[in-house]
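1. here is the input, now give the coordinates:
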Amino acid sequence: MDHRPRLRQLLLLILGAALPFLLFPSREQTAALGTALAASICLAVLVYGWDLDGDLARRVAQYGPNQYTHQGMLAAVILLVGYGSRSFNALAEADLEHERAKSERLLRSVFPEEIGRRLQAGEQEIAERHGDASVLFCRVIGLDRPAEGQTAEAYLARLHAVFAAIDRRCAELGAEKIKTTGTSFVAAAGLPMYRPDHAEVLVALALALRDEFAAMPGIAVRIGVNSGPVVAGVIGQVRPTYDLWGDTVNTAQRMEMHGLAGEVHISPLTFAKVNHRFECSAREGVEIKGKGAMKTYFVRGVRKAGRGP
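-> The predicted structure follows:
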């Protein structure tokens, strides 16, 4: 008996069931179509047999007395295949949820939480003016270059330890770390969500960093803080970043540049917002680039109870 017609029928059946895999390669469709393919193969085997030498009428006549058994077996096979497909879908959904969570964590590590949510929701252009916020510039002194004889791995490990401590302090005190450049970083408070104590948050952060790094041999921080209106937004498409612009930002950088190692240097605008909580000492006639002579302040520490400004 020529088996080729039956073989061609079986191959065409399998090819027809497999074709959608090539046309629709998504996970959910692949799982659903996989069930159909597996059930088709099982049905073909039960009807035609592995030897492919019989026809449907002969097999029904041969297995007629046991037809319920065979139908039950077929139903069991299809149910098992369906269960397997459902399990595959569950695993695929769990994997998709894991990737989504990982993407959300990455967004939160690169952008402020509110900005990350908006980007994930599909918002593409984010540019906002914040009328009252504070900006902090900090330079870590003593890490500009590897020490003599220090390996690149050891140098980077020390940098990592320093900036991990900065990240931890920002998270503890509710400040937003905006960016890191070399051995400097920028933080802000009062944006993207407003909070009235933004200046106090950054000064508390500055004091915490000053005290923490004072205990590290060979490392000190020079910090400047300023308050006022800020423009913030996301720029770039390939590697988008969240950044700040405006005179408030420039003045905060000048506070850092004209400060001293181990000191927290603040502008008059920030001083007016934090003087009730922190003890400060004035610096008269400091020549600030682009501003001329200014009266600025060094923050000494938290004001003790009972001691007013």
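2. what distance do you get for Gln120 to Thr183?
-> From Gln120 across to Thr183, the span is 31 Å (Cβ to Cβ, to the nearest Å). In short, each C-beta sits where N, CA and C put it, glycine included.
3. compare those two (neighbour count), which wins?
-> Thr183 (18 against 14; other Cβ atoms under 10 Å).
4. okay, helices next: where are they in the stretch 201-309 of the chain?
-> Secondary structure of the stretch 201-309 of the chain (DSSP state H, counting those that start in this stretch): helices located at 247-257, 268-274.
5. what's the closest of these to Val135?
-> Within those, the stretch nearest Val135 is helix 247-257; the backing value is 4.0 Å (Cβ to Cβ).
6. next, the buried residues of the closest one.
-> For helix 247-257, a neighbour-count test (16 or more other Cβ atoms under 10 Å) marks Thr248, Val249, Thr251, Ala252, Gln253, Arg254, Met255, Glu256 as buried.
7. residues near the residue lying closest to Arg300 once chain neighbours are set aside, how many?
-> Distances taken as Cβ to Cβ, 6 or more residues apart in numbering place Glu279 nearest to Arg300, at 4.5 Å, with adjacent residues excluded. For Glu279, the count of nearby residues is 16 (other Cβ under 10 Å).
8. could you list the low-pLDDT ranges of this protein?
-> Within the chain, the segments meeting pLDDT under 70 span 1-92, 94-95, 98-109, 305-309.
9. please redo it, this time with the cut-off set to 50
-> Scanning the chain for pLDDT under 50 picks out the ranges 1-3, 51-52, 60.
10. can I see the domain layout of it?
-> As assigned by automatic domain parsing, the chain contains the domains 4-110, 124-302.
11. next up, the contacts around the nearest residue to Phe111 once chain neighbours are set aside.
-> Spatial nearest neighbour of Phe111, chain neighbours left out: Tyr242 (5.0 Å); criterion: Cβ to Cβ, 6+ apart. For Tyr242, the contacting residues are Val110, Phe111, Pro112, Ile115, Ile126, Ile178, Lys179, Ala232, Gly233, Val234, by Cβ atoms under 8 Å, 6 or more residues apart in numbering.
12. any idea what Tyr242 is bridged to?
-> Val234 (DSSP bridges).
13. what of Ile141?
-> Under DSSP bridges, the beta-bridge partners of Ile141 are Ala220.
14. burial count for it?
-> By other Cβ under 10 Å, 14 other residues sit near Ile141.
15. next one: the one 3 residues further on
-> Under the neighbour criterion other Cβ under 10 Å, Asp144 is assigned a count of 9.
16. give me phi/psi at it?
-> Backbone torsions of Asp144, given as degrees, to the nearest 10, read phi -70, psi -30.
17. I'd say it and Thr183 touch.
-> Yes: using Cβ atoms under 8 Å, Asp144 is in contact with Thr183, at 5.9 Å.
18. gap between the closest residue to Leu260 other than its chain neighbours and Gly259?
-> Excluding its sequence neighbours, the residue lying closest to Leu260 (Cβ to Cβ, 6+ apart) is Arg222, at 6.6 Å. Arg222 sits 5 Å away from Gly259, going by Cβ to Cβ.
19. what sits in contact with each of these two?
-> Common neighbours of Arg222 and Gly259, counting by Cβ under 8 Å, 6+ apart, are His265.
20. tell me which element Ala154 falls in.
-> Following DSSP states H and E, the helix or strand that holds Ala154 is helix 152-173.
21. contacting residues around that helix?
-> Contact with helix 152-173 is made by 138, 140, 143, 146-147, 175-177, 180, 183, 185, 187, 201, 204-205, 208-209, 212-213, 216, 219, as judged by Cβ under 8 Å, 6+ apart.
22. can I get the buried part of the residues you listed as one PyMOL selection?
-> To isolate the buried members of the contacts of helix 152-173 in PyMOL, using 16+ other Cβ under 10 Å:
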select buried, resi 138+140+143+175+176+177+183+185+187+201+204+205+208+209+212+213+216+219
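23. the helix or strand where Leu96 lies: what's the following helix or strand?
-> Using DSSP H and E, Leu96 sits within helix 67-110. Later in the chain than helix 67-110, the nearest helix or strand by DSSP H and E is helix 113-120.
24. can you spell out which helices and strands pack onto that next one?
-> Taking 3 or more Cβ pairs under 8 Å, 6 or more residues apart in numbering; DSSP states H and E as contact, the helices and strands that helix 113-120 lies on are helix 67-110.
25. quick one: Glu148 and Tyr155, what's the gap?
-> When Cβ to Cβ is applied, the distance between Glu148 and Tyr155 equals 11 Å.
26. which one of these two is surrounded by more residues?
-> Counted by other Cβ under 10 Å, Glu148 and Tyr155 do not tie: Tyr155 has more neighbours, with 14 against 5.
27. state the distance from Phe185 to Phe213.
-> Taking Cβ to Cβ, one finds Phe185 at 13 Å from Phe213.
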